[in-house]
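Student: Predicted model and sequence below, questions to follow.
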Amino acid sequence: MSRVGKNEIVIPSSVTFTQNGNLLSFKGKLGADLYQVPECVTIEKTSSGIKLMPINDTLPVRMFWGTTQRNVANMVQGLDQGFTVNLDLNGVGYRASVAGNKLTMQLGFSHDIVYEIPQGISIKCEKPTSIAISGASKQKVGQIAAVLRNYRKPEPYKGKGVIRQNEYVVRKEGKKK
């Protein structure tokens, strides 16, 4: 049995949802979103939210059950509170700034990296060496953080690069004489 799928999804008062067959639609203070629940998972309304149940006890159905529960729970949390990922720029001359809907990063290349910020996502640079990515979709926020990190991954000798906050970079010892 799925340990994750058993949990009830508590829907806060700031989020409203409607069910049309297997299509769930949510509206919250950070936007609106739809989720198509797979056919192998049934939806039950409870007093405080939603409970998902599998139609049988086979392995693929149980996997869909747990994944669906987490996706719906993340959607509800995102529409209520949102998600934020913080990135740090470590390196001499590494900077970032936001102008309009473009993020400009200087990461030691001969050119600046300009990233177009998509709809529904906000990026802030409190300091020139820190980037805060926030939005209602956990998948989109994480994907953008991964794309920005890929421009200059942290290297193991000096630790320079784009690093997620609280990420540990495994350091290597340099060449000996």
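Tutor: Received the coordinates, thanks.

Student: Could I get the full set of strands for the protein?
Tutor: Remark: strands assigned in the chain by DSSP state E are 9-10, 16-20, 23-28, 31-36, 41-45, 49-54, 83-90, 95-99, 102-106, 113-116, 121-124, 130-135, 161-164.

Student: so what's the residue positioned nearest the centre of the chain up against?
Tutor: By CA atoms, centre = their mean, the chain has its centre lying nearest to Lys138, at 2.7 Å. Neighbouring residues of Lys138 by CB atoms under 8 Å, 6 or more residues apart in numbering: 74, 77-78, 83. Bear in mind the C-beta positions are built from the backbone N, C-alpha and C, glycine included.

Student: need the longest helix for this structure.
Tutor: Using DSSP state H, we find that the single longest helix of the chain is helix 59-80.

Student: Domains of this structure: list them as residue ranges, please.
Tutor: 9-80, 83-164 (automatic domain parsing).

Student: just to revisit the earlier point, and the longest helix of the chain, what does it pack onto?
Tutor: strand 9-10, strand 23-28, strand 31-36, strand 41-45, strand 49-54, helix 138-151 (3 or more CB pairs under 8 Å, 6 or more residues apart in numbering; DSSP states H and E).
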